[in-house]
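# return atomic coordinates for the entry below.
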Amino acid sequence: MSNPATIEVISEPLVESTRQRRKEARPAELTAAALALFVEKGFAATRLDDIASRAGVSKGTLYLYFDSKEALFKAVVLEGIVPVLDAADVIMAGFKGSNAELMQQLLVMWWRLVGSTSLGGLPKLVISEARNFPEVASFYQDAVISRARGLLKRVLQRGIDAGEFRPMNLEMSADVLFAPILMLAIRRHSVDLCGSTSTDPELYLKTHMELALHGLSNNRLSP
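Numbering: from 1, shown residues only. The predicted model follows:
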């Protein structure tokens, strides 16, 4: 027959370990629930009660980690998108290939890690609700849009300096390069949900890059 004292000594650390793991997992569970609901319902229509329920915790538990929807939105961006931009910085710093290859790699990486995931629904949210939630839109502008634009401008400037790309307006060119990929993400979370013929993302990205890189090229073709 087992000694009850022995059982207590063995099980208590296991219980504490399980509780600790659960506590550490909660912020990630809450941001995952928030992202899912933001994309499904929009920012205004999502309630903190809904987020807590989706995450399987009480509203009081949610408030231990986040005091508002705005805080949850910022956490979603900081945990989901900013690391992708950090990775892009690292790739750019050590990249040895052509700037055309670098640009293609960065844009495809953004699509696969952000655009094709639930995170790709955030641009639509920001565009549709910016007027009513300017602080949320301003945060997204600073944390994501401005930084992504800066990355593209740096790739373009590298290409110009190397003689690979022709001289151009960097601000406008960065926006024009990214706009089709942004629109692909917006379509995925809007008209494509309504039974519209969905776009093949891989073919779309391939076509976009082919058109963009021919337009950026510094090679002068004979008439």
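# contact partners for Leu113?
By CB atoms under 8 Å, 6 or more residues apart in numbering, the contact set of Leu113 is 84, 119. In short, each C-beta sits where N, CA and C put it, glycine included.
# distance of it from Lys69?
Relative to Lys69, Leu113 is positioned 24 Å away (CB to CB, to the nearest Å).
# check Gln157 too.
38 Å.
# the two: who's more crowded?
Using other CB atoms under 10 Å, the more surrounded residue of Gln157 and Lys69 is Lys69, with 19 against 14.
# can you pull the buried residues of stretch 156-173?
156, 158-160, 164-165, 168, 170, 173 (16 or more other CB atoms under 10 Å).
# okay, now the domains of this structure?
4-66, 81-216 (automatic domain parsing).
# switch those over to JSON lines; also include mean pLDDT.
Compiled in JSON lines, those are given as follows (pLDDT from 0 to 100):
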{"stretch": "domain 4-66", "mean pLDDT": "76"}
{"stretch": "domain 81-216", "mean pLDDT": "91"}
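# just so I know, which of those domains lies nearest Ala75?
The closest of those to Ala75 is domain 4-66. By CB to CB, the value is 4.9 Å.
# tell me the contacts of Leu78?
Ala143.
# the strand or helix carrying it: what's the following helix or strand?
According to DSSP states H and E, Leu78 maps onto helix 69-80. As assigned by DSSP H and E, the chain's next helix or strand after helix 69-80 is helix 82-94.
# tell me which residues of that next one are tucked away?
The neighbour-count check on helix 82-94 (16+ other CB under 10 Å) flags 84-85, 88, 92 as buried.
# stretch 103-114 too?
So for stretch 103-114, counting by 16+ other CB under 10 Å, buried means 103-108, 110-111, 113-114.
# report the distance from that stretch to the chain centre.
Stretch 103-114 sits 11 Å away from the centroid of its parent chain (CA atoms, centre = their mean, to the nearest Å).
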